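> Okay, predicted coordinates and the sequence, questions at the end:
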Amino acid sequence: MPLAGDLPAPAEGKALRTAPADHKLRGLPSISVATIERVLKQYGSPAAGNGQAFYDLGVRYGIDPAYLLAFFVHESVAGTAGAAVANLSVGNIRCVQGYRCGGGYAAYDSWSQGAEHWYQLLSGPLYLGNGGCLSGHPEICGSLDTPTRIIPRYAPAADSNNEAAYVASVQSLVDNWRAAEQDSVTPALPSAAPTSDLAPNVLPLDPGRGDWVITQSNAQHWSSEGISGLDLAFAGNKDAFGSPIHATEPGIVGVMQNRGDGTGYGNGVYLLGYVDPSGVSYNTVYGHFQKLLVTRGQVVARGTVLGEMGSTGWSSGPHLHYEVWQCQLNAAEVAAGVAPGTVIRNPARCRPLDPQGFIGQLARACG
């Protein structure tokens, strides 16, 4: 979910979204950099110190880094056993063109290079981008996007692997790390932040550019990709590239960046909204930018231009992917008083909403 993944201290790589119960790999981080580092140190991993790189690469490729970490632990006890020790490999990927080969497995110059290759592999046509049916598993067709669907190809029984045990191991590790994820409710701007009128209430698109349309609904996103949100575009794509994208609420900016190579949200922003006196806040996500016009940690007002519409990431044409998440303090915290500028980062406190409720109100207001 849209929480502080790359904001300055004290938010050093927080969990970003509540992960779906079906363990889909595609999505924003559900564990923080601090949790990744804690796990690496717990296993005595030689990759300790690479938590930020593992996290940032996950955001870039649109894969929750909790799964990279779980594969790393299962394959080599976090780099302390087997070929991974010498090869700096997080996933024991077989030798492939473009990388050195050691003991039958790809070898890397750094742990971050090994992690990036794993993300590239999983986000590519063999797994998340798979379009056919898996050999030997005619019941598994389309995107291989969960451990249950990935492992029969990644570590098949034909190679003397216990597929069921591998799946259970990965899912159990991820579940345990998420459960232990440290809570984070942070007063960010105690003297300057607004305390009322905090919900999203302006259009993210510039209505002066033309007629905008919803090209994919929230329900369609959940059924096809396991994520929430709307896709918004201009009719006929007229003047779409470069159209300004506006913050729909005041808050603090986090930035998502990748190379526009067909993975994840592409370039975009997640915005931490402020908690109102009743304990409610709204966090929003904006994806597929052509150009970013804000920086991480920047404090923005409602209506601020965050970037320009584009088609980076998982996108077939210029549009905006827009998500709204509602977060909630508990009763005791509300009773103690909500400091201005408080933001909520713990994914367990937030739930996705259908943005069409907000968009519909705005459409009526603008009409």
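Cool, the structure landed.

> Packing partners of the longest helix seen in the chain?
As assigned by DSSP state H, the longest helix anywhere in the chain is helix 163-180. Judged by 3 or more Cβ pairs under 8 Å, 6 or more residues apart in numbering; DSSP states H and E, helix 163-180 is in contact with helix 33-42, helix 65-76, helix 147-154. C-beta: built from backbone N, CA, C; applies to glycine.

> Would you state the strands of the stretch 1-150 of the chain in chain order?
100-102, 105-107, 133-134, 137-141 (DSSP state E, counting those that start in this stretch).

> Reformat those strands as JSON lines; add mean neighbour count and mean pLDDT.
Below are the strands of the stretch 1-150 of the chain laid out as JSON lines (neighbours: other Cβ atoms under 10 Å; pLDDT from 0 to 100):
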{"stretch": "strand 100-102", "mean neighbour count": "13", "mean pLDDT": "94"}
{"stretch": "strand 105-107", "mean neighbour count": "22", "mean pLDDT": "96"}
{"stretch": "strand 133-134", "mean neighbour count": "14", "mean pLDDT": "78"}
{"stretch": "strand 137-141", "mean neighbour count": "12", "mean pLDDT": "80"}
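
> looking at the helices and strands packed on helix 163-180, which is buried most?
helix 65-76 (a mean of 26; mean count of other Cβ atoms under 10 Å).

> Please spell out the segments of this protein that come in under the pLDDT threshold.
Counting by pLDDT under 70, the chain has low-confidence residues at 1-22, 181-193, 207-210, 221-227, 237-239, 258-263, 346-348, 360-367.

> and it, what are its domains?
As given by automatic domain parsing, the domain ranges for the chain are 33-180, 185-366.

> how about those in JSON lines, adding distance to Arg26?
JSON lines is the format used below for the domains of the chain (distance: least, Cβ to Cβ, whole Å):
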{"stretch": "domain 33-180", "distance to Arg26": "6"}
{"stretch": "domain 185-366", "distance to Arg26": "7"}
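
> Between these, which one is closest to Lys24.
domain 185-366 (4.2 Å; Cβ to Cβ).

> Give me the distance from that closest one to the chain's centre.
Here domain 185-366 shows a centroid-to-chain-centroid distance of 13 Å under the convention Cα atoms, centre = their mean, to the nearest Å.

> could the strands of the stretch 1-150 of the chain go into CSV alongside distance to Gly254?
Shown next, in CSV, are these (distance: least, Cβ to Cβ, whole Å):
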stretch, distance to Gly254
strand 100-102, 35
strand 105-107, 32
strand 133-134, 36
strand 137-141, 35
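
> Out of those strands, which is closest to Tyr282?
Here strand 137-141 is closest among those (Cβ to Cβ), at 37.1 Å.

> between the domains of the chain, which one is nearest to His23?
Per Cβ to Cβ, nearest to His23 of the domains of the chain: domain 33-180, 4.9 Å.

> Between the two ends of that closest one, how far is it?
Terminal residues of domain 33-180 lie 13 Å apart, using Cα to Cα, to the nearest Å.

> circling back: in a markdown table, list the helices and strands packed on helix 163-180 along with distance to Gly337.
Below are the helices and strands packed on helix 163-180 laid out as a markdown table (distance: least, Cβ to Cβ, whole Å):
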| stretch | distance to Gly337 |
| --- | --- |
| helix 33-42 | 27 |
| helix 65-76 | 34 |
| helix 147-154 | 43 |
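
> Nearest to Asn162 among these would be which one?
Asn162 lies closest to helix 147-154 among these, at 9.5 Å (Cβ to Cβ).

> Mind giving me the packing neighbours of that closest one?
On a contact count with 3+ Cβ pairs under 8 Å, 6+ apart, helix 147-154 meets strand 133-134, strand 137-141, helix 163-180.

> Identify each buried residue in stretch 87-106, please.
For stretch 87-106, burial by neighbour count (16 or more other Cβ atoms under 10 Å) applies to 87-93, 99, 102, 105-106.

> how near is His74 to Gly303?
Computed as Cβ to Cβ, to the nearest Å, the His74 to Gly303 distance reads 47 Å.

> go on, Thr312?
Counting by Cβ to Cβ, the gap from Thr312 to Gly303 is 23 Å.

> neighbour-wise, which of the two wins?
Thr312 (24 against 15; other Cβ atoms under 10 Å).

> which one is the more buried one nearest to, not counting chain neighbours?
Gly266 (2.9 Å; Cβ to Cβ, 6 or more residues apart in numbering).

> ok, now Gly44?
Thr80 (5.9 Å).

> before we move on, what about Ala84?
Nearest residue to Ala84, sequence neighbours excluded (Cβ to Cβ, 6+ apart): Ser76, at 3.5 Å.

> swap in Asn130?
Going by Cβ to Cβ, 6+ apart, Asn130 has Leu144 as its nearest residue, at 4.9 Å.

> For the one you found, give me phi and psi.
phi -90, psi 90 (degrees, to the nearest 10).

> so how far is Gly58 from it?
17 Å.

> quick one: which of these two has more around it?
Gly58 (28 against 23).

> distance of the more buried one from Val280?
28 Å.

> swap in Val299?
20 Å.

> And Ala336, by the same measure?
Taken as Cβ to Cβ, the span from Ala336 to Val280 is 16 Å.

> So the two - more neighbours on which side?
Using other Cβ under 10 Å as the criterion, Ala336 and Val280 rank with Val280 on top: 17 against 9.

> Let me see the contact set for the nearest residue to the more buried one once chain neighbours are set aside.
Excluding its sequence neighbours, the residue lying closest to Val280 (Cβ to Cβ, 6+ apart) is Gln328, at 5.7 Å. Residues counted as contacts of Gln328 (Cβ atoms under 8 Å, 6 or more residues apart in numbering) are 279-281, 344, 349-350.

> And Gln113, by the same measure?
Leu88.

> Please apply the same query to Arg149.
Per Cβ under 8 Å, 6+ apart, neighbours of Arg149: 134, 140, 143.
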